[in-house]
Structures are given as structure tokens and as C-alpha cells.
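**Q** Sequence first, then the predicted structure:
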Amino acid sequence: MPLFAELFLSEVLKEPVLDPKGEELGRLKDMVVVKAEPLPKVDALIIEKKGDLFCLPWSRLNMFNKRIIAAKVSGAELAPYDEAADDLLAVRDILDKQIVDVNGVKVVRVNDIKLEGYESEAVLIAVDVGVRGILRRLGVERKGEDFLRVFKATLPYNMISWNYMQPLQPKLTAIALTVPRQMLSELHPADIADIISQVSHDEGAAFLKNLDVDVAAETLSELSTEDQVEIIRGMDTEKASDIIEMMSPDEAADVLGDLPAEKAKEILEHIEKEEAEDIQELLGHEEDTAGGLMTNEFLAYSPEMTVKEAIERFRKDAEELETVYYLYMVDEAERLVGVVSLRELIMADPEMRLSEIMEAKVKTVTPDADEKVVAQITAKYNLVALPVVDNEGVLLGIVTVDDILARIVPSAKR
């Protein structure tokens, strides 16, 4: 068994590799890593001598530890190494690459790799993403420990087990080494958005593409407008349309409205007709107006309906909506005649009609109302949703308080 104990990659890099006579074959430059069970293993060492690279198979090693790396072969028996795209190299492809720390909900950098002996093989068991890894590579880890000890503090370990990584792939890019998909899907979309915002748009698109569609849609809604546009532009039309279709119409319209017209048209053509029509209706309004802020997803019932009937219908209708704050009463011409909060609905006598409990004096705005006016009315009357009506009083949509905040308050302050 060549490897007798656990060690870190940085502890053996650039160390001499000796032949059976104790003469130097070269110095360790990298390691070829391959998939294996239960963990990826080192398949060969890449040795550098006078600028030339040679491959030393793991099976041809006699000893491998912090103090000595010894081979069973002489220099004449070593084969030259030509970099191959299919090879996964520890230094080139893993070290200094970015991964997702699901516990800290952030993107971190691989500062070192921990190896351990397992059934005569060297397996990769964890990555070091902490300060220790940096100090170890600089050769001052022990000094760092001694310095902190003066202040009665310790240098923490920050390791992420390889069990939390996705299957290996060659030529890893940032975010390619990450936690399993199901673990990410359990994170809040806002946390996933924070992670995506820390990487490039191409990486963000690949990351979003691998999420469940509903999670991807919620995550996209949490991103900045710039990130939304660039990520959707980098996706194939079919996948982008699947995600856009899962978003609420107003959020989908916001994204499509900032895309190039041709790309937006392609996506709309892949979305179901009814959803596409809702989105297109919203796209007809200016972005900084009530029409641009509103969603056309709301619940509107007849004022003649009883409370009991409204509650029964609400249980079915609300399943399709993202948020519901009020029930709106409309006449046969779909003109807004009143509003009932969910609290009032639940507290009312089941046999009463909605017309008996509704508020008839409803605060409204027209589609062309400026977003600042919308915000002022919402704040003045403590509303969580503001109806948008046309000149005839027909209910067109509602502007929710979270949409107002998303538009007028910077994300950092939110």
C-alpha cells in the first residue's frame, strides 16, 4: 500500500519523486483523478523534469506519503504525458475552482484537497475551503496556529466532504463541483439566487438549468434584472420557456420585456397559449407604470355569492395563484364594485352575501399611473395589493406590495 496516512495535496506538490535507486525522476506537478467507488481515486502522478511531463501510474508506485514518494520504475520506463481534455487533473481542474457550500449558502474556493489511503489506493475524501488551506499552501499553517494561540484562539478547519460533490467531470469550471441537486432544491430560492449571483452568467445558466423547473422559476424571480436577462439569453429556448412558464405572469413579463425581441418571441411561442396571452397583455404596458407592475392573476367573484360559496371556490382557485390577499367583487361587465380581505371572509357568517361584507369604496389606479403614485397609495392606506382598473372601471390586475418593493427598493436594502 503506497499511501500510509492521510495528507493534503499541497503537502506533496513539487516534492521529488525517486526511482528504486533513490535518484530523482522529477517533481510532482499534478495527479490524474478517476471515478471510483466509494470515492474518486488517484490513477497516476504527473511528474515534471526539466520542463517535460511524464506519467507515473499509481500501480507503479512503491511509497507515497508526506516524506517520500518512491516509484518502482526507472526514468527510462516513464512514458511522456500529453495533456488530454478527458483527463481530470487535481491541480489544473479542482484546486482553486469554486464550489457551492450548501451550509453557508455561498460559493467558496477549493484551497486544498485531502487524500487518504483506501485499499491500496489514494482517494479524495474532502476539499479544504478555509484559511487553513491557504496557509498550508504558503507553508505557514503551523505559524498561523501559533499566532492565534497567543490570543487564545484556534485556527478552524473548513472542510467539505467529497460525499457532497456531484459526479466528477473533466475540465471542471467554476460551480461544476457542487452539492447534489436535491440538496440545492431544498434551499430557499433567494439563497440559491445569492449563489448564482456570485458566478458568471454562463455558469449561472448551467446551474439554473440543473434545478427542478419550479425551483428554477422561483430562483430566477429573485435575481437582478441584469442577471435574469443574461442567464435566460444563455439558455436554449425550450428550457428557458419551461422556466418562464412556471413564473407568475408579471414576473415573466418583466424578464421577457428586457430580452431581445426575437428571443422573447421564441420563448412565447413555446409557452402554452393561455399563459402566453396573459404575459403578452402585461408586456403592452410601460415598465414604470401600474400596468407594468401589475399581475393579471387575481380572484374576482360575484357580489351575490355567499361567503360559504366563496370559501369553497377559493380553496380550488387559490391553488393556481402565487399569492392571494383579497377577493375582488365584479359585476357582469367585470367592473370592480368591492373588495373583501381573507380575514373578513373567514370571520363572516357563511350565509351572508359578499355584497354585505365587502368594502365598496376601493382605492384603485389606472394602468398608466406612475409606480411612485402606486407606492404612495399602497403605503398611505396600508394595502398589500392595489387594484388596477381601466377608464370604465373594469378590473385589469393588481399590484402587490412585494412587486412595489422589488421595483423601487434596492435589493441590498430589501
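**A** Noted; the coordinates are in hand.
**Q** how close does residue 128 sit to residue 160?
**A** Here residue 128 is placed at a distance of 8 Å from residue 160 (CB to CB, to the nearest Å). (C-beta placed from N, C-alpha, C; glycine too.)
**Q** Now do the buried residues in the lengthiest strand in the chain.
**A** Looking only at the chain and at elements set by DSSP state E, the strand with the highest residue count is strand 24-34. Applying a neighbour-count criterion of 16 or more other CB atoms under 10 Å, the buried positions in strand 24-34 are 25-26, 28-33.
**Q** tell me which strands and helices it is in contact with?
**A** strand 16-18, strand 41-49, strand 52-57, strand 88-89 (3 or more CB pairs under 8 Å, 6 or more residues apart in numbering; DSSP states H and E).
**Q** okay, now residue 57: neighbour count?
**A** If you count neighbours by other CB atoms under 10 Å, residue 57 ends up with 15.
**Q** Not counting sequence-adjacent ones, nearest residue to it?
**A** With sequence-adjacent residues excluded and distances taken as CB to CB, 6 or more residues apart in numbering, residue 57 is closest to residue 44, at 4.8 Å.
**Q** Name the residues linked to the one you found by a beta bridge.
**A** As for beta bridges, residue 44 partners with residue 32, residue 57 under DSSP bridges.
**Q** ok, it - contacts?
**A** By CB atoms under 8 Å, 6 or more residues apart in numbering, residue 44 lies in contact with 31-32, 55-58.
**Q** got it, and residue 133?
**A** 8, 10, 110-112, 158.
**Q** Save the buried residues of strand 24-34 as CSV, and put in pLDDT too.
**A** What follows is the buried residues of strand 24-34, written out as CSV (pLDDT from 0 to 100):
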residue, pLDDT
25, 95
26, 94
28, 96
29, 95
30, 95
31, 94
32, 93
33, 90
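**Q** Quickly name whichever of these is closest to residue 99.
**A** Taking CB to CB as the measure, residue 33 is the one of the buried residues of strand 24-34 closest to residue 99, at 15.0 Å.
**Q** What about the nearest residue to the closest one once chain neighbours are set aside, how many residues nearby?
**A** Closest residue in space to residue 33, ignoring its immediate chain neighbours: residue 88 at 4.8 Å, by CB to CB, 6+ apart. Using other CB under 10 Å, residue 88 has 20 other residues around it.
**Q** hang on, residue 113 packs against residue 122?
**A** No - using CB atoms under 8 Å, residue 113 is not in contact with residue 122; the gap is 10.6 Å.
**Q** pretty sure residue 17 contacts residue 31?
**A** No - counting by CB under 8 Å, residue 17 stays clear of residue 31, with 11.7 Å between them.
**Q** Between those two, which contacts overlap?
**A** With contacts defined as CB under 8 Å, 6+ apart, the residues shared by residue 17 and residue 31 are residue 45.
**Q** any idea which residue sits dead centre in the protein?
**A** Nearest to the geometric centre of the chain sits residue 192, at 3.4 Å (CA atoms, centre = their mean).
**Q** What residues does the residue nearest to that residue when sequence neighbours are not counted make contact with?
**A** Setting aside the residues directly before and after it, residue 192 is nearest to residue 219 in space (CB to CB, 6+ apart), at 4.6 Å. Shown in contact with residue 219 (CB under 8 Å, 6+ apart): 189, 192-193, 196, 208, 211.
**Q** Against which helices or strands is the strand or helix carrying residue 375 packed?
**A** Taking DSSP states H and E as the definition, one finds residue 375 inside helix 371-380. Under the contact criterion of 3+ CB pairs under 8 Å, 6+ apart, helix 371-380 touches helix 290-293, strand 385-389, helix 401-408.
**Q** Pull that helix out as CSV, backbone CA atoms only.
**A** What follows is helix 371-380, C-alpha atoms only, in CSV (Å, rounded to 0.1, in the frame of the first residue of the first chain):
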residue,chain,number,x,y,z
GLU,A,371,-45.1,53.5,-10.0
LYS,A,372,-44.3,56.1,-7.3
VAL,A,373,-48.0,57.0,-7.1
VAL,A,374,-48.8,53.3,-6.7
ALA,A,375,-46.3,53.1,-3.9
GLN,A,376,-47.7,56.2,-2.2
ILE,A,377,-51.3,54.9,-2.3
THR,A,378,-50.3,51.5,-1.1
ALA,A,379,-48.3,52.9,1.9
LYS,A,380,-50.9,55.6,2.8
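**Q** Output the below-cut-off pLDDT ranges for the chain.
**A** When residues are selected by pLDDT under 70, those of the chain lie in 1-4, 101-105, 164-185, 408-414.
**Q** Show me how far whichever strand or helix holds residue 63 is from its chain's centre.
**A** Element membership for residue 63 (DSSP H and E) is strand 61-64. Here strand 61-64 is found 42 Å from its chain centre; the criterion is CA atoms, centre = their mean, to the nearest Å.
**Q** Over to stretch 131-150?
**A** The gap between where stretch 131-150 is centred and where its chain is centred comes out at 32 Å by CA atoms, centre = their mean.
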